[in-house]
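Asker: generate a structure from the sequence data that follows.
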Amino acid sequence: MVFDEGKALSTQQQQYEATSTMINELRRHVDQWRSYQNSNDWHCTPETTRLLQHWRNFKFNNTRPFLLPGRSLLITVIWLTEVAPQAGKTGKGFLDPSGQRQP
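Answerer: Numbers count the residues shown, from 1 in each chain. This is a model prediction of the structure:
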């Protein structure tokens, strides 16, 4: 297996950068959103809100630590699919497939 740090992922139209500022900015937005205590501020469907409330209240044990990264990934996907489209210019910037995000 060859690890080329994403070099094979880059094209002329879009450059892959493993330490992208976009990734760090996305993490910042998701972390801020996760800190909201009031579920009315989450801007999710009722089904997703119930799932997020379950995850907040469920006592996860350390016997399955692999679940935590998966849960974080799913929370990011939820933010991108349900919250970002409603977050104005900031959210839509993460969804622009052209890669031409505006700060």
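
Asker: which parts of whatever helix or strand S72 lives in are buried?
Answerer: S72 is located in helix 67-78, with elements delineated by DSSP states H and E. Using 16 or more other C-beta atoms under 10 Å as the test for burial, helix 67-78 gives 75-76, 78. For the C-beta atoms, the positions are set from N, CA and C on the backbone; glycine is no exception.

Asker: out of these, who's nearest E47?
Answerer: Closest approach between those and E47, by C-beta to C-beta: I78, at 10.6 Å.

Asker: state the distance from that closest one to T90.
Answerer: From I78 across to T90, the span is 16 Å (C-beta to C-beta, to the nearest Å).

Asker: also H29?
Answerer: Distance, H29 to T90, by C-beta to C-beta: 7 Å.

Asker: so which of these two has more stuff around it?
Answerer: Set H29 next to T90 and count neighbours by other C-beta atoms under 10 Å: H29 wins out with 18 against 13.

Asker: ok, residues contacting the helix or strand hosting the more buried one?
Answerer: According to DSSP H and E, H29 maps onto helix 21-34. Contact partners of helix 21-34, identified using C-beta atoms under 8 Å, 6 or more residues apart in numbering, comprise 42, 75-76, 79-80, 83, 87, 90-91, 94, 101.

Asker: only alpha carbons, please: show the helix or strand that it is followed by as PDB.
Answerer: Note on helix 21-34: by DSSP H and E, the next helix or strand toward the C-terminus is helix 46-57. Provided in PDB are the C-alpha atoms of helix 46-57 (Å, rounded to 0.1, in the frame of the first residue of the first chain):
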ATOM      1  CA  PRO A  46     -37.000  15.700  14.700                       C
ATOM      2  CA  GLU A  47     -35.500  12.200  14.000                       C
ATOM      3  CA  THR A  48     -32.000  13.500  14.100                       C
ATOM      4  CA  THR A  49     -32.700  15.600  17.200                       C
ATOM      5  CA  ARG A  50     -33.900  12.400  19.000                       C
ATOM      6  CA  LEU A  51     -30.700  10.600  17.900                       C
ATOM      7  CA  LEU A  52     -28.400  13.400  19.100                       C
ATOM      8  CA  GLN A  53     -30.300  13.600  22.400                       C
ATOM      9  CA  HIS A  54     -29.800   9.900  22.800                       C
ATOM     10  CA  TRP A  55     -26.100  10.200  22.200                       C
ATOM     11  CA  ARG A  56     -25.800  13.000  24.700                       C
ATOM     12  CA  ASN A  57     -27.600  11.000  27.400                       C
END
